[in-house]
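Participant: fold the stuff below for me.
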Amino acid sequence: MSANRHSVQQADLESTDVLFRTRDEMLNALDFALQPIADIGTGVVYGYEAQVRNAEFGHAPSPGDLIRQAHALGFLAQLETELFRKALLRFQDLRIAQGTKLYFKLDGRNLGEEDDPRLGLSEIVSELGLNTNQICLEFSERYQEVFTDVAHHALNDLRQLGFLITLDDFGRGSSELRLLHDMSPDYVKIDRFFLNDIDSDARRKLFVTTVANLAHVLGSRVIAEGVETEKEFKACRDAGCDLIQGQFVAKPFQKAAHAKLFYEHVRAPGIGRKRREEQDRIRNELLNLPTIQFNASMNELLDMVVHNQDSSVIPVLDANNEPRGLIHERDLKAYLYSGGPDDDDAKAALDFPMRSFVRACPIADIDSNADMLLVTFASSINSDGIIITENFRYCGFLSATSLLKIIHAKRLQEAQDQNPLTRLPGNGAITKFISDCARKSSHDRHLCYMDFDNFKPFNDTYGYRQGDRAIILFGELVQRHVSGTDTFHGHLGGDDFFAGFMNADQTDVAARMLALKRAFRVDVESFYDAEHRAQGFMVAQDRFGTTRQFPLLQCSISILSLPKGLRVPPNKLNDEIIALKRAAKRSDDGLAVKFLAA
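Facilitator: Residues are numbered from 1 along each chain as shown. Predicted coordinates for the structure are as follows:
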C-alpha cells in the first residue's frame with residue numbers, strides 16, 4: 001500500500017467516532033428490505049432490489065457509509081460476500097413468479113484482486129438452489145475510476161457465469177457514456193435527478209428518452225429508479241423506460257407476506273386499434289430462428305450451425321427465455337473453419353466457452369412503435385436486425401428486410417387517410433377516435449377542437465400560399481405539444497385541427513393547449529409585414545365586405561372532458577364539441593373547457 005493511500009485510510013478511520021464492532025456481530029445485526037421493480041407496461045413484478053437496513057448497527061449513518069468504512073478497514077469484499085448471502089436468503093423466502101430477478105449492489109472497488117471472495121458468488125447461488133440468471137449485480141457509475149482492467153476482467157468472468165449486470169445511478173457522473181460502452185450492461189438505471197419532475201421538464205424527458213433509445217440499441221433494458229408520482233410514471237413510460245422502481249410502485253418491505261405478483265395501478269391502458277394492427281404486422285414478420293441456451297456447450301452450438309445453415313445469426317436465451325444476445329456465424333468461422341478436424345487450433349477452439357461468442361443486439365418489445373424500431377435499427381452499427389420480446393421473453397427476430405416491409409405498409413395505411421397539406425391524420429381517423437372515446441369508458445378522455453381566429457382576412461391579404469404556411473406551422477406545433485402514448489392529433493381541413501387525450505388529467509391537457517396557443521401566437525407573427533407586427537393588427541374586409549381592424553392570428557381551443565365510466569353516443573359528442581367551439585370564440589381568452597356530466 002502506498003504511503004499516500006495509507007494516510008487517506010488512516011484519516012478516514014480517525015474521523016470515525018466509534019469503530020465497528022466485530023464483523024460477525026455487525027453481520028448478524030444487518031438486514032435487508034426488498035423493493036419491487038415492475039414492468040412499466042403490465043405492472044408485473046420483474047424483480048426486487050435488496051437494500052441494506054440497520055446500517056447504524058455498524059456505526060454508519062447510511063448503507064453507503066457502511067460500505068465506505070468497510071473499504072477503509074480492508075474487509076469490503078468479505079462484507080459484500082456475506083451481505084450477498086443474506087440478501088439471497090431474504091429473496092428466497094418470497095412468493096415469486098418464475099424468473100423473478102434479485103438486484104444486488106456491489107461497490108466494485110478492488111473487484112477481482114487476489115483472493116477476492118466476490119468471484120465465488122455463483123457458488124452461493126448454487127448452494128441456495130437459485131440460478132445466476134436471476135441475479136443482477138449493480139455497479140454504480142459514481143465509481144467509474146475503480147473499473148480497472150482487473151475489474152473489467154472480473155466483471156466479464158461474473159457475466160460468463162450467468163450473472164446479469166446493471167449500471168446504476170446513470171447520469172450522476174461525468175464518464176457514464178464511456179462506462180455504458182465498456183460495461184455493456186444488461187440494465188441501465190436512470191439516476192433519480194433526471195426523473196424528478198420529468199413530467200414538466202422537457203429537457204429531462206429528452207435526456208431520459210435519448211438514454212432509453214441508446215440503451216435499447218446496445219441491447220440493454222432501462223429502469224426508472226425512484227419514481228414517486230403517477231405523472232412521473234407516465235412520463236417515464238412515454239420516454240421508453242422498460243421497468244419502474246420507487247415509492248409510486250411500492251415501498252421497500254421486509255415481511256415476505258408483503259410481496260405481490262403485480263401492481264394494478266402500474267398497468268398501462270389497453271392499446272388502440274392502430275397499435276394492435278402495427279403489433280400484428282410486427283408479429284407476422286418475425287423470423288422463428290433456432291435459439292440456443294446461454295449455458296450450452298460449443299459442440300451443441302456447432303451442431304446447431306451445421307443443421308441450420310440458412311441462419312446467419314443465433315439468438316442466445318437464458319433459462320427464463322430472456323435474450324442475452326446473438327451469435328454470428330461469421331464469428332465462428334474465424335475460429336473453427338480455418339483448419340481441418342485434426343488441426344490443433346480448431347481443437348483448441350472447442351475449449352472456448354460458447355458464451356464468449358455472444359454479442360449484444362438491439363432489443364425492443366413487441367408493442368414498440370414501428371418508427372422507433374426503425375430508429376433503433378438505424379442507430380446500430382452492423383446490426384442484422386432486432387430481437388423482439390414480449391413481456392421480456394424472446395418472441396422472435398426482426399430482420400432489416402422485414403422492418404422495412406412493416407414501415408412501408410404503415411406509410412401506405414397512413415397515406416390513405418391523411419391531410420395532404422400537413423400530413424396529419426384526416427377526418428376518417430378523427431371520427432374513429434371520437435367514436436372510440438364515446439364507447440370506451442375505462443379512463444378519463446379529453447377532446448380538443450382548435451381553429452384560427454381571423455384567418456380569412458389574413459388569407460385574403462397575404463395570399464393562399466402564406467395561409468398554407470400558417471396551417472403547416474400550426475400542424476407542426478400540434479405534433480410537438482400533443483405527443484406521447486394515449487394521445488392523438490389530426491387535421492380536419494383548412495384551419496380546423498383536433499387533439500385527443502386518453503387517461504390524462506384535465507389540468508395537464510389545458511396546460512398543453514395553452515402552451516400550444518401561446519407558441520402559435522408568437523411564431524405566426526413572423527408571417528406579417530413589419531407594419532402589421534408593430535401595430536398588432538391589420539385592416540381588411542370581413543366576410544360581409546366591411547373594412548375593419550383584425551388582430552394578428554391566434555387560435556381558439558375548446559376542451560370537452562369525459563369522466564371515467566361515462567358512455568355517450570358519438571353524435572352527442574359532435575354536438576357538444578360544436579357548441580363548445582362557439583363558446584371558445586366568444587370567450588376573452590379563446591379557451592372553453594367543459595366536463596361532461598353523466
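Participant: what bridges to the closest residue to residue 560 other than its chain neighbours?
Facilitator: With sequence-adjacent residues excluded and distances taken as Cβ to Cβ, 6 or more residues apart in numbering, residue 560 is closest to residue 447, at 4.6 Å. C-beta coordinates here come from the backbone N, C-alpha and C atoms, glycine included. Listed by DSSP bridges, the beta-bridge partners for residue 447 are residue 500, residue 560.
Participant: also residue 53?
Facilitator: What pairs with residue 53, by the bridge criterion (DSSP bridges), is residue 31.
Participant: flag the shaky bits of this structure, pLDDT-wise.
Facilitator: Scanning the chain with the threshold set as pLDDT under 70 gives 1-26, 56-59, 141-147, 171-176, 269-274, 334-352, 381, 598.
Participant: which stretches of the stretch 101-250 of the chain form strands?
Facilitator: Counting by DSSP state E, counting those that start in this stretch, the stretch 101-250 of the chain has these strands, from start to end: 101-106, 135-140, 164-170, 187-190, 221-225, 243-245.
Participant: save the ones you listed as TSV, and put in distance to residue 331 and mean neighbour count too.
Facilitator: Shown next, in TSV, are the strands of the stretch 101-250 of the chain (distance: least, Cβ to Cβ, whole Å; neighbours: other Cβ atoms under 10 Å):
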stretch	distance to residue 331	mean neighbour count
strand 101-106	28	25
strand 135-140	26	23
strand 164-170	21	24
strand 187-190	25	26
strand 221-225	24	26
strand 243-245	30	25
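Participant: distance to residue 545 added to those strands, as a markdown table?
Facilitator: Shown next, in a markdown table, are the strands of the stretch 101-250 of the chain (distance: least, Cβ to Cβ, whole Å):
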| stretch | distance to residue 545 |
| --- | --- |
| strand 101-106 | 73 |
| strand 135-140 | 73 |
| strand 164-170 | 65 |
| strand 187-190 | 61 |
| strand 221-225 | 60 |
| strand 243-245 | 61 |
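Participant: relative to residue 285, which of the ones you listed is closest?
Facilitator: In terms of Cβ to Cβ, the element of the strands of the stretch 101-250 of the chain nearest to residue 285 is strand 221-225, at 22.8 Å.
Participant: any idea of the angle that closest one forms with strand 164-170?
Facilitator: If you take axes from the mean of the first three to the mean of the last three Cα atoms, to 10 degrees, strand 221-225 sits at 40 degrees to strand 164-170.
Participant: for the closest residue to residue 543 other than its chain neighbours, which three-state class applies?
Facilitator: Closest residue to residue 543 apart from its sequence neighbours, by Cβ to Cβ, 6+ apart: residue 456 at 6.3 Å. Following DSSP: H, G, I helix; E, B strand; the rest coil, the label given to residue 456 is helix.
Participant: surely residue 456 touches residue 541?
Facilitator: No. Applying Cβ atoms under 8 Å as the test, residue 456 and residue 541 come out as separate, 9.1 Å apart.
Participant: now stretch 252-268: buried residues?
Facilitator: 252, 253, 259, 260, 263, 266, 268 (16 or more other Cβ atoms under 10 Å).
Participant: try stretch 472-483
Facilitator: 473, 474, 475, 477, 478, 481, 482.
Participant: where's residue 89, which helix or strand?
Facilitator: For residue 89, the host element (DSSP states H and E) is helix 76-92.
Participant: give me the nearest residue to the residue nearest the centre of the chain, chain neighbours excluded.
Facilitator: The centroid of the chain falls nearest to residue 241 when counting by Cα atoms, centre = their mean (1.5 Å). Once flanking residues are discounted, residue 241 sits nearest to residue 224: 4.3 Å by Cβ to Cβ, 6+ apart.
Participant: I'd assumed residue 246 was in contact with that neighbour.
Facilitator: Yes. Taking contacts as Cβ under 8 Å, residue 224 lies within contact range of residue 246: 7.4 Å.
Participant: and for the two, which residues touch both?
Facilitator: Counting by Cβ atoms under 8 Å, 6 or more residues apart in numbering, no residue touches both residue 224 and residue 246.
Participant: three-state assignment of residue 284?
Facilitator: helix.
Participant: burial measure for it, as a count.
Facilitator: 11 (other Cβ atoms under 10 Å).
Participant: tell me the contacts of it?
Facilitator: Counting by Cβ under 8 Å, 6+ apart, residue 284 makes contact with nothing.
Participant: quick one: it from residue 450, how far?
Facilitator: With distances taken as Cβ to Cβ, to the nearest Å, residue 284 is found 37 Å from residue 450.
Participant: ok, now residue 595?
Facilitator: Residue 595 is 19 Å from residue 450, by Cβ to Cβ.
Participant: more crowded one of those two?
Facilitator: residue 450 (28 against 13).
Participant: did I read that right, that one in a helix?
Facilitator: No. Counting by three-state DSSP, residue 450 is not part of a helix but strand.
Participant: now it. Nearest residue, chain neighbours left out?
Facilitator: Counting by Cβ to Cβ, 6+ apart, residue 450 lies nearest to residue 497, which is 4.4 Å off, once chain neighbours are set aside.
Participant: mind listing what that neighbour touches?
Facilitator: Neighbours of residue 497 in contact, by Cβ under 8 Å, 6+ apart: 424, 449, 450, 451, 474, 475, 478, 489, 490, 491.
Participant: nearest spatial neighbour of the fourth one, skipping sequence neighbours?
Facilitator: Nearest residue to residue 451 in three dimensions, chain neighbours excluded: residue 496, at 4.7 Å (Cβ to Cβ, 6+ apart).
Participant: that neighbour contacts residue 450, correct?
Facilitator: Yes. Contact criterion Cβ under 8 Å: residue 496 and residue 450 qualify, at 7.4 Å.
Participant: helix or strand for residue 388, which one?
Facilitator: strand 385-390.
Participant: residue 238 versus residue 489, what's the distance?
Facilitator: For residue 489 relative to residue 238 (Cβ to Cβ), the value is 15 Å.
Participant: alright, I will stop here.
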